[in-house]
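> kindly generate the corresponding structure for this input.
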Amino acid sequence: MVRHGKDKKRRSGRTGRTKLKTHAFAKYKPPKFTDETVKKHWDPSKSPAANMAELGLKASVNTKKDISKAQEIRNDNESGTKPSLELFDVPDSDTMGMNANKKNNSKKLPLGTNDQIYIAKCMTKHGDDYLAMSRDIKLNNMQHTEHKLKKMGARFLLLNEDQRRCDVPDKVQHLVL
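Predicted coordinates:
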């Protein structure tokens, strides 16, 4: 049989020059840490899962386990067989360090401020005719469907006075509860 290209490869000087692989990270690439506590307790000879278990963390948090197994693990940790390290100082309150004097704007509104302004402009022109709103491409520049505009309109009309960030149009004032 004909050996196509073997002479060409030989003449190019490429034969015998294979690139040798380095075994710098034969097991795994070691992670880089910024936290000094984790750096101090990390053992590069162990696997990442074993190191995380030593720190009191789970390596695979998205795996589905039996509820009974999860309860057993939780009970084992409570009994004090392996104390986990305190890595972070987590505050007890829900405000997460927000100033108590400030007005709490972190509550999520049923309808965002921009959406309230958007639906109010649509209702100023079309009232509660959501089909006409959906077809108005100048005013409905986000191209919301009739169903989406109905949902936004219903949420806007159900808002309390303290939740509402813009005025209710006169055409739909009679629909406000």
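> just the helices in this protein please.
6-11, 36-41, 48-55, 67-79, 113-126, 130-135, 146-158 (DSSP state H).
> below-threshold pLDDT in this protein: ranges please.
Applying pLDDT under 70 to the chain flags residues 1-3, 5-6, 8-30, 63-106.
> adding mean neighbour count and distance to residue 171, write the helices of the chain out as TSV.
For every residue, glycine as well, the C-beta is placed using N, CA and C. Below are those laid out as TSV (neighbours: other CB atoms under 10 Å; distance: least, CB to CB, whole Å):
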stretch	mean neighbour count	distance to residue 171
helix 6-11	10	81
helix 36-41	12	60
helix 48-55	15	60
helix 67-79	10	54
helix 113-126	18	6
helix 130-135	18	12
helix 146-158	17	11
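> redo those as a markdown table? Include distance to residue 174.
Listed next are the helices of the chain as a markdown table, based on distance: least, CB to CB, whole Å:
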| stretch | distance to residue 174 |
| --- | --- |
| helix 6-11 | 87 |
| helix 36-41 | 62 |
| helix 48-55 | 61 |
| helix 67-79 | 52 |
| helix 113-126 | 12 |
| helix 130-135 | 16 |
| helix 146-158 | 10 |
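> OK, contacts around the spatially closest residue to residue 167 that is not a sequence neighbour?
In space, residue 167 comes closest to residue 120 once its chain neighbours are excluded; the distance is 7.1 Å by CB to CB, 6 or more residues apart in numbering. Contacts for residue 120 were tallied using CB atoms under 8 Å, 6 or more residues apart in numbering; they are 156, 166-169.
> list the contacts of residue 171.
Taking CB under 8 Å, 6+ apart, one finds 123-124, 126-128 in contact with residue 171.
> could you check how far it is from residue 50?
67 Å (CB to CB, to the nearest Å).
> same question for residue 134.
Distance, residue 134 to residue 50, by CB to CB: 57 Å.
> go on, residue 123?
Relative to residue 50, residue 123 is positioned 61 Å away (CB to CB).
> still on that earlier bit, how close does the residue nearest to residue 167 get to residue 43?
On the measure of CB to CB, residue 120 and residue 43 end up 60 Å apart.
> just give me the neighbour total for residue 32.
6 (other CB atoms under 10 Å).
> cool, and residue 137?
8.
> hmm, it is touching residue 143, no?
Yes. The criterion here is CB atoms under 8 Å, and residue 137 meets it with residue 143 at 7.2 Å.
> which residues does the spatially closest residue to residue 52 that is not a sequence neighbour contact?
Nearest residue to residue 52 in three dimensions, chain neighbours excluded: residue 59, at 4.7 Å (CB to CB, 6+ apart). By CB under 8 Å, 6+ apart, the residues touching residue 59 are 48-49, 52-53.
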